[in-house]
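Peer 1: 3D model of this:
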Amino acid sequence: MRADNTSFIHKWLGDSLNISPDEKISAMEGAFSLPRDAPDVLRQVGNTPLIELRKIFSSSPNSIRVFAKAEWFNPGGSVKDRAALAMILNALNSGQLNGEKRILDATSGNTGIGYAWIGASLGIGVTLCIPKNASPERIKMLKAFGVELILTDPLEGTDGAIVRARALAETHPEKYHYLDQYNNPVNPLAHYFTTAVEILRDTQRQITHFVACLGTSGTFVGTTKRLREELPFIRAIAVQPDSPFHGIEGVKHMESAIVPGIFDPNLADDTIFVSTDEAQEMTLRLAREEGILVGVSSGAAVAASAKLAESIDEGCIVTILPDRGERYLTDNFWR
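Peer 2: Below is the predicted model of the structure:
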């Protein structure tokens with residue numbers, strides 16, 4: 001990555017309002033550019049549909065509309081494809097990732113799947129540390145792409161996987177390039193340049209509230225920063241589980257977890273806490289009322305959007321549906 005791009009990332013983390021449009025474009029082209037001979041599948045990341053949730057919010061006033069960004073339309077089936085592709089391209093373009101090293105990271109599943117299919121398409125080996133209790137569907141998907149899996153203590157969650165990945169990176173720097181999604185500034189930048197821009201375009205800049213779950217926090221941080229630059233009046237709502245022990249996979253209870261380095265707690269105008277039961281109930285409603293089969297983190301995001309809708313008189317709410325539901329069908333709540 002060129003020096004001006006490195007400077008951009010540092011500035012962006014501080015005060016992105018002082019960065020000119022030309023500098024933003026330069027950073028994007030230098031850090032995330034696809035090689036001319038890149039596999040076509042890589043070009044399919046992003047530009048996911050925005051779906052209005054009419055039935056679930058049918059009782060809301062006409063002055064309130066709720067839209068959900070259907071991120072399962074990405075090739076790997078989740079919003080994490082955006083960050084995974086950006087981080088890999090940045091590492092390749094900067095020379096940090098080469099034919100001698102494997103991609104290494106900790107994951108709860110979705111970013112790992114992103115690494116897996118992108119690594120397979122580029123011929124790059126992938127090693128992932130993942131909690132042993134990750135859904136069987138996710139484990140099978142990762143194995144299908146030929147990933148080397150290191151299963152960690154399920155009681156330690158993603159924090160345990162992070163500790164293990166860090167240890168491997170420190171012990172074998174010649175073997176692994178540790179992408180470190182929880183602290184890599186390219187993670188939120190991926191959403192700054194893509195997710196936010198698509199939301200502005202598809203709502204015709206009418207969005208008033210943005211709602212997103214916190215995992216690595218990349219989606220929330222990057223999207224919010226760009227939306228705020230374009231439309232300063234937008235309110236950003238973070239979504240967290242209501243307790244440290246929960247069943248909303250991929251979402252962090254920040255007070256009890258290792259807080260990602262990319263997380264900016266000052267960005268959220270409010271935080272809505274959602275219980276596992278609320279998230280699962282809304283996930284079922286999305287399937288049975290809207291015909292949308294998604295994961296529990298999507299249910300949490302929509303449940304939080306419903307709470308928000310009850311507290312406002314008008315607005316255009318946009319939330320993120322991080323992934324599709326097939327990778328969770330062994331969970332008991334479906335029955």
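Peer 1: C-alpha coordinates for stretch 250-264, CSV please?
Peer 2: Extracted C-alpha coordinates of stretch 250-264, given in CSV (Å, rounded to 0.1, in the frame of the first residue of the first chain):
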residue,chain,number,x,y,z
GLY,A,250,-21.4,-13.0,15.9
VAL,A,251,-22.5,-10.2,18.2
LYS,A,252,-20.5,-8.9,21.1
HIS,A,253,-21.6,-7.8,24.6
MET,A,254,-18.9,-5.1,24.7
GLU,A,255,-18.8,-4.7,28.5
SER,A,256,-17.8,-8.3,29.0
ALA,A,257,-15.7,-8.9,25.9
ILE,A,258,-12.3,-7.9,24.4
VAL,A,259,-13.3,-4.6,22.8
PRO,A,260,-12.2,-4.4,19.2
GLY,A,261,-9.6,-1.8,18.5
ILE,A,262,-11.6,-0.4,15.6
PHE,A,263,-14.6,0.3,17.8
ASP,A,264,-15.5,3.9,18.4
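Peer 1: mind listing what's buried along it?
Peer 2: 250-254, 257-258, 260, 262-263 (16 or more other C-beta atoms under 10 Å). C-betas here are computed from N, CA, C, even on glycine.
Peer 1: with stretch 191-211 instead?
Peer 2: Neighbour-count burial for stretch 191-211, with 16+ other C-beta under 10 Å as criterion, is recorded at 191-200, 202-203, 207-211.
Peer 1: now, those that are in strands?
Peer 2: 209-211 (DSSP state E).
Peer 1: which of those residues lies closest to residue 42?
Peer 2: residue 210 (26.8 Å; C-beta to C-beta).
Peer 1: what sits opposite the closest one in the beta ladder?
Peer 2: Note on residue 210: beta-bridge partners by DSSP bridges are residue 236, residue 318.
Peer 1: pretty sure it contacts residue 223?
Peer 2: Yes. With contact defined as C-beta atoms under 8 Å, residue 210 reaches residue 223; the gap is 6.4 Å.
Peer 1: so what sits against both of the two?
Peer 2: residue 199 (C-beta atoms under 8 Å, 6 or more residues apart in numbering).
Peer 1: how close does residue 47 sit to residue 256?
Peer 2: 36 Å (C-beta to C-beta, to the nearest Å).
Peer 1: please disregard the earlier target; I meant residue 154.
Peer 2: Separation of residue 154 from residue 256 (C-beta to C-beta): 16 Å.
Peer 1: ok, and the closest non-adjacent residue to residue 199?
Peer 2: Distances taken as C-beta to C-beta, 6 or more residues apart in numbering put residue 318 closest to residue 199, at 5.5 Å, once the chain neighbours are dropped.
Peer 1: tell me how many other residues surround the one you found.
Peer 2: A count of neighbours around residue 318, defined by other C-beta atoms under 10 Å, yields 26.
Peer 1: same check, this time on residue 61
Peer 2: Applying other C-beta under 10 Å, we find 12 residues neighbouring residue 61.
Peer 1: tell me where the protein has helices.
Peer 2: Per DSSP state H, the chain carries helices over the ranges 3-15, 21-32, 80-94, 110-122, 136-144, 157-171, 186-193, 195-202, 218-230, 276-289, 296-311.
Peer 1: avg pLDDT for the third one?
Peer 2: Confidence over helix 80-94, taken as the mean pLDDT, stands at 93.
Peer 1: got the CA positions of that helix in PDB?
Peer 2: Output of helix 80-94 as PDB, limited to C-alpha atoms (Å, rounded to 0.1, in the frame of the first residue of the first chain):
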ATOM      1  CA  LYS A  80     -18.300 -10.000   6.200                       C
ATOM      2  CA  ASP A  81     -17.400 -10.600   2.500                       C
ATOM      3  CA  ARG A  82     -16.900  -6.900   2.200                       C
ATOM      4  CA  ALA A  83     -14.300  -6.600   5.000                       C
ATOM      5  CA  ALA A  84     -12.600  -9.900   4.200                       C
ATOM      6  CA  LEU A  85     -12.100  -8.900   0.500                       C
ATOM      7  CA  ALA A  86     -10.800  -5.400   1.500                       C
ATOM      8  CA  MET A  87      -8.400  -6.700   4.100                       C
ATOM      9  CA  ILE A  88      -7.000  -9.400   1.800                       C
ATOM     10  CA  LEU A  89      -6.600  -6.900  -1.100                       C
ATOM     11  CA  ASN A  90      -4.900  -4.400   1.100                       C
ATOM     12  CA  ALA A  91      -2.500  -7.100   2.400                       C
ATOM     13  CA  LEU A  92      -1.700  -8.200  -1.200                       C
ATOM     14  CA  ASN A  93      -1.300  -4.700  -2.600                       C
ATOM     15  CA  SER A  94       1.000  -3.700   0.300                       C
END
